[in-house]
Structures are given as C-alpha cells and as structure tokens.
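Trainee: Sequence isn't available, so here's the structure alone:
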Ligand code: NAP
C-alpha cells in the first residue's frame, strides 16, 4: 500500500517532520488549524481549517484515502488530539503522536505547578505584579479578571483585538528565541513572574531558561491529559513506524 499521510501540524516539529517525509518521498498532506495569518512554509501540500469534529475527520480520512495519521500538534491542542484518537479508532486508520518531551524543573528553577489555565488565573489572585504571560492569544481573556497586573504578551501575529488587560505591552515575534534575548526582554520589562504552558521542546524554552538565570518564579501550566495512544518524541521513530504501521510502540 502506498502511504498517504495526514499530518496534524501547527508546530515546528510537524514542519520538520514534513521535511523528512518529503525528503524520503513519502506522500501526504499537512493540516493546519488556520489560527496564524502567515503560517511557515510546509514541505508537504497543506490544507487549512477544522474538519468538523470527529465525524468530519472520519469523513476526511475516508474521502482522501488517508492511510496513516500523525498527530504532531502542540501538546495543548487537546481537542484536536482527542478527535484524532476517536476518529482513527472508528475509521481503522493507524495513528501515532509525535510530541515534545515536557520540560522538567532543574537546579535554580522556581516553578509553581498549576493544572490548567484556570489554575494559573487563580494563582494570580495576588497584589500587582509584572507578568510575562506566555499562554497564546486564545487564552488571554481569562486573565482579564486580574486587571491590576502588568502583562507582557508575545504574539505571533499583530493582534486585531485584545481582551481588556489595561496595563500591557505586546511584542510581535514568532521566534526563534534565545536565552540572551529573552533575559534582556524580562529585564527590560522588569518582569516578576513568567506564566507558561509546559510546551516542551527547544523553541519556547528560552524564556524558562531566562527566568532561571534571573532567579524569577515561573507559573508552569502542566500538560493536559490525553487518551491512550502510540506516542514518540523521535521523528525517526515515526518513519520506522510507517514501515510497520499500527504496531504498538508501547510508549
Ligand atoms: P484545539 O483546541 O485542540 O482544537 C480546536 C479545533 O481546531 C479542533 O477541534 C479542530 O477543529 C481545529 N484544529 C486544531 N488543530 C488543527 C489542525 N492541525 N488541523 C485542522 N484543524 C485543527 O487546538 P488549538 O489549541 O486551538 O491549536 C490549534 C493549532 O495551533 C494546532 O494545530 C496546534 O498544533 C497549534 N498550536 C497550538 C498551541 C497551543 O498552545 N494550544 C501552541 C502552538 C501551536 P474541528 O473539530 O472542526 O476539526
């Protein structure tokens, strides 16, 4: 059977995987949600926009004769990942997730763990602070209940509309970021606290290392729970899996 992959993307890891797949001559499509105005160029043909829930994804898999699904979405893209597990099970299409290992606190880190965005909002119920809020555009509104804090926001696209955070500064930058640059950014804005999702990977880790270097606390939003699925952090493992798709990696 000639593989015809569906890669659920929207991450640097997905883009890198698509380059490897294209270089290996493996065909397929990468799917983007359409949240970013100017997505990075992709090495596989791309489609953009939601599928329409589990049923829509099943229809897409059938209509396009998809042979394998690789979920390389962000670890916080929970809905898409849950839909992929449910749709692949029902359609009988093998699925693997390519994810980033979560960051682990090390010496010098001052992390307070919270389970989700709501937990981060609750933890900010304290006197005024200068906060770097690195949670993505979609979740900013939840923090409007604490208008007394200064918020440093870093966004991929120039914002069209922002929630009511009266004391804020927006930096538009899609990275890549480095420790020196993020240390300077935190210093320049006299940040007291960094709020971050535990995204894992290299791309977003500079702010965490910068907080460590400056002795700043981090409110770390832990990974959401996902259903059982085959999962790897290694793109090479995905290529091997394609050689015998459906085998349980036991990870
Ligand atoms: P989400 O909450 O899990 O997904 C909500 C809905 O958006 C899904 O049910 C699906 O719509 C659609 N969708 C999500 N990812 C899609 C994809 N790759 N292709 C087609 N449709 C997709 O997702 P999210 O957290 O908003 O993330 C959206 C995208 O941004 C993902 O591709 C993710 O990799 C990327 N991203 C997310 C974060 C983050 O922190 N969440 C950070 C960086 C990048 P239907 O139900 O209609 O199919």
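Mentor: Everything's here; your move. This is a predicted model, so every value here is computed, not measured.
Trainee: only C-alpha atoms for contact and neighbour calcs from this point on.
Mentor: OK.
Trainee: any idea how the protein splits into domains?
Mentor: 4-100+225-244, 110-221 (automatic domain parsing).
Trainee: want to try JSON lines for those, with mean neighbour count as columns?
Mentor: JSON lines is the format used below for the domains of the chain (neighbours: other C-alpha atoms under 10 Å):
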{"stretch": "domain 4-100+225-244", "mean neighbour count": "17"}
{"stretch": "domain 110-221", "mean neighbour count": "17"}
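Trainee: Up against the ligand, what does this protein have?
Mentor: Taking C-alpha under 6 Å from any ligand atom, the part of the chain that reaches the ligand is made up of 8-11, 31-33, 49-53, 73-74, 76-80, 136.
Trainee: go again using 5 Å as the cut-off
Mentor: Taking C-alpha under 5 Å from any ligand atom as the criterion, the chain approaches the ligand at residues 8-10, 31-33, 49-53, 73-74, 76-80.
Trainee: Let's see which of those end up in helices.
Mentor: Among the residues of the chain next to the ligand, DSSP state H puts 53, 78, 79, 80 in helices.
Trainee: Show the pLDDT at the residue nearest to residue 166 when sequence neighbours are not counted.
Mentor: The shortest distance from residue 166 to any non-neighbouring residue, by C-alpha to C-alpha, 6 or more residues apart in numbering, is to residue 147 (6.3 Å). Looking at residue 147, its pLDDT stands at 96.
Trainee: residues touching the residue nearest the centre of the chain, list them.
Mentor: Geometric centre of the chain, nearest residue: residue 74, 2.7 Å, by C-alpha atoms, centre = their mean. Residues near residue 74 by C-alpha atoms under 8 Å, 6 or more residues apart in numbering: 9, 10, 11, 99, 199.
Trainee: Give me the phi and psi for it.
Mentor: Dihedral angles of residue 74 (phi, psi; degrees, to the nearest 10) stand at phi -60, psi 150.
Trainee: From residue 131, how far off is it?
Mentor: Computed with C-alpha to C-alpha, to the nearest Å, the distance linking residue 74 and residue 131 is 23 Å.
Trainee: Check residue 83 too.
Mentor: Plainly put, residue 83 is 34 Å away from residue 131 if you go by C-alpha to C-alpha.
Trainee: ok, which stretches of the stretch 101-250 of the chain are strands?
Mentor: For the stretch 101-250 of the chain, the strands defined by DSSP state E, counting those that start in this stretch cover 110-114, 130-134, 150-155, 168-172, 193-197, 217-221, 231-232.
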